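Peer 1: no sequence on hand, only this structure:
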């Protein structure tokens, strides 16, 4: 079997005692691109953060397995080294640490001690990726995300994705705040990684990203659950008709978490 | 209650000491007058740090040090300070109270630059030293420690840059307290005459973790009209040394004094860095990094006093505290009446790595003039868990993530140090102290 498999089973997640996710089931295999759509406040970003191990979220029930290994038992860095990657919606700014030093540390973290990436090889790979994403080379020497525009932060997340080559990537609203040109560049970067060994979960609430990255499956989240799944045509229908028809079909009045009838 | 501070060094001792060094009469008189004042003056009172019981009186006053024949034969303790690929042309290594090695390029000599140990300077450039020594910057009678310093001064260097001379390569000095009980009453005097510029970098180092002693250092930095002085330092006394380190600058019209100080002592320390912006349009940037560990108590003051119009003072203090270390950071901007259009900015940031460490950041603005701008920021906090989460989400271990955040936190000052090897050396010291 090519690539890795990420299995999310009956996942329940709370923050400060409030349950946000109420039983999410989803399986992503190498070679597959899944999109999760849904209005704001339905638990999409919580799912992404919980899988990566964000310190604020508490898993109260369910499991997350990567190739059968229990992800929830791993520390955040172990999850990354096992092959997971999360492009964050709000990446931290780290003053005094250059983007380049951070990238090199990240690459070396998944290599054995004594087998660090040679400096010239690293620079070559980084420069190629910077060019591919049409990022100014100065960014490598700027402090990580410090003073970056919204668009620069998003490109930097995709830059990391391209250099770290994870097995499974989760992209949390990578399209928000991007103009159409930036959206095209970011999509180009993601599509470059597309092969049978790479699985991707794309979280968005706009269909327009999916014009550039065609998903194999589309899932809609409401009230902390996946309420509907389908093919790419589901995204197109959502774009044309909005979410009301799903709410009607399922008898949901308010789709946000905590508003269940 | 104050601890008995009666010194075993009296008038006869000072007479003898001054005579042994063939000092001119004015220096001997200065010492003797200072000695008379020692008992009359109080210890300094650094804000929020009690130093009454610190050791300022148990030490050995003199010790010689062996010569070093060449920079390629340095003992490992000090080898790290030098840039191996580009050995400095202008360097003084003071070992205990002896000059172990000294060099100055012919080019600088020809231009009239003086770069020599303080005793030689007092003999050979007596008038010049006398004109500045404890006059415009630090006064003898400020408190007991300045008087004690003046009476017992036993080492240091003198730098003089004549008018219109611009020195590109840094002047480097290493003060090596090799004898574990010997005290450093070190005096550094840097004078840059009109339109000149110089970069000076010094390192203090000792290894006395068991034995007790004292460092009582006074540094006076004078920038005449339109002179530029860049002053870098790494203080690295071991835990047995109680350190009083007073670095003071005086900047005249259009002059600039920039400080980059790595305050890495392991013992109790009072470090004050004060710059007087006397002239119009004078500027000072004071950047310091500090690390506290073990049980040490430290008090750091960065103070810029504006007298000249349109003068600018910027203070940036970054500190990391671990174990049970206690540190007070005072960032003071004072704008005197008449210093219109001046700007005073200060920022103090303290990163706490343990529950039991204590850090206190006090930004203080004292403004006696209406037409000025000023600002300050201060924070005391822990490593941000979301920063760690972000770094770790890329596979970086928690330990390495913390290391990156701490280095990043201290980088704004570390990167200011003008000599690459000293920058690396400071990074190593930080590494050793933090982990």
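Peer 2: Yep, that arrived. Computed from a prediction, not measured in an experiment: that's the story for all the values here.

Peer 1: poorly predicted segments of chain A, please.
Peer 2: Applying pLDDT under 70 to chain A flags residues A:1, A:260-261.

Peer 1: quick check: the residue of it nearest chain B.
Peer 2: residue A:96 (2.7 Å; Cβ to the nearest Cβ). Every C-beta, even on glycine, is put in place using the N, C-alpha and C of the backbone.

Peer 1: distance from the chain centre to stretch A:71-78, please.
Peer 2: Its chain's C-alpha centre and that of stretch A:71-78 lie 17 Å apart, by Cα atoms, centre = their mean, to the nearest Å.

Peer 1: what does that stretch rub up against?
Peer 2: Residues outside stretch A:71-78 that contact it (Cβ atoms under 8 Å, 6 or more residues apart in numbering or on different chains): A:6, A:51-53, A:59, A:63-65, A:79, A:82, A:84, A:109, B:389, B:392-393, B:395-398, B:401.

Peer 1: now the element after the top helix by length along chain B, going C-ward?
Peer 2: Scanning chain B for the helix with the most residues, using DSSP state H, yields helix B:398-414. Proceeding N to C from helix B:398-414, the next assigned helix or strand is helix B:420-434, under DSSP states H and E.

Peer 1: buried set for that following helix?
Peer 2: Going by neighbour count (16 or more other Cβ atoms under 10 Å in any protein chain shown), the buried part of helix B:420-434 is B:421-423, B:425-427, B:429-430, B:433-434.

Peer 1: would you mind measuring from residue A:102 to residue B:251?
Peer 2: Residue A:102 is 38 Å from residue B:251, where distance means Cβ to Cβ, to the nearest Å.

Peer 1: give me the more crowded residue out of those two.
Peer 2: Counted by other Cβ atoms under 10 Å in any protein chain shown, residue A:102 and residue B:251 do not tie: residue B:251 has more neighbours, with 31 against 24.

Peer 1: looking at the more buried one now. What's its pLDDT?
Peer 2: The model reports residue B:251 with a pLDDT of 98.

Peer 1: just give the closest residue to it, not the sequence neighbours.
Peer 2: The shortest distance from residue B:251 to any non-neighbouring residue, by Cβ to Cβ, 6 or more residues apart in numbering or on different chains, is to residue B:282 (3.9 Å).

Peer 1: re earlier: in the buried residues of helix B:420-434, find the pair that's most separated.
Peer 2: Across the buried residues of helix B:420-434, the longest distance by Cβ to Cβ is 20.2 Å; it joins B:421 and B:434.

Peer 1: tell me which parts of chain A are close to chain B?
Peer 2: With Cβ under 8 Å from any Cβ of the partner chain as the criterion, chain A meets chain B at residues A:52-55, A:75-77, A:79-81, A:85-86, A:88, A:91-92, A:94-97, A:101-102, A:105-106, A:109-110, A:143, A:160, A:164.

Peer 1: where do the strands sit along the stretch 251-400 of chain B?
Peer 2: Assigned by DSSP state E, counting those that start in this stretch, the stretch 251-400 of chain B shows strands spanning B:256-263, B:269-277, B:283-292, B:297-306, B:312-321, B:326-335, B:343-352, B:358-367, B:373-382.

Peer 1: okay if I get these as CSV plus mean neighbour count, distance to residue B:144 and mean pLDDT?
Peer 2: What follows is these, written out as CSV (neighbours: other Cβ atoms under 10 Å in any protein chain shown; distance: least, Cβ to Cβ, whole Å; pLDDT from 0 to 100):
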stretch, mean neighbour count, distance to residue B:144, mean pLDDT
strand B:256-263, 25, 22, 96
strand B:269-277, 25, 12, 97
strand B:283-292, 26, 24, 95
strand B:297-306, 25, 16, 97
strand B:312-321, 24, 26, 95
strand B:326-335, 24, 20, 95
strand B:343-352, 22, 28, 94
strand B:358-367, 18, 24, 92
strand B:373-382, 13, 30, 92
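
Peer 1: those: which one's closest to residue A:41?
Peer 2: Here strand B:373-382 is closest among these (Cβ to Cβ), at 30.4 Å.
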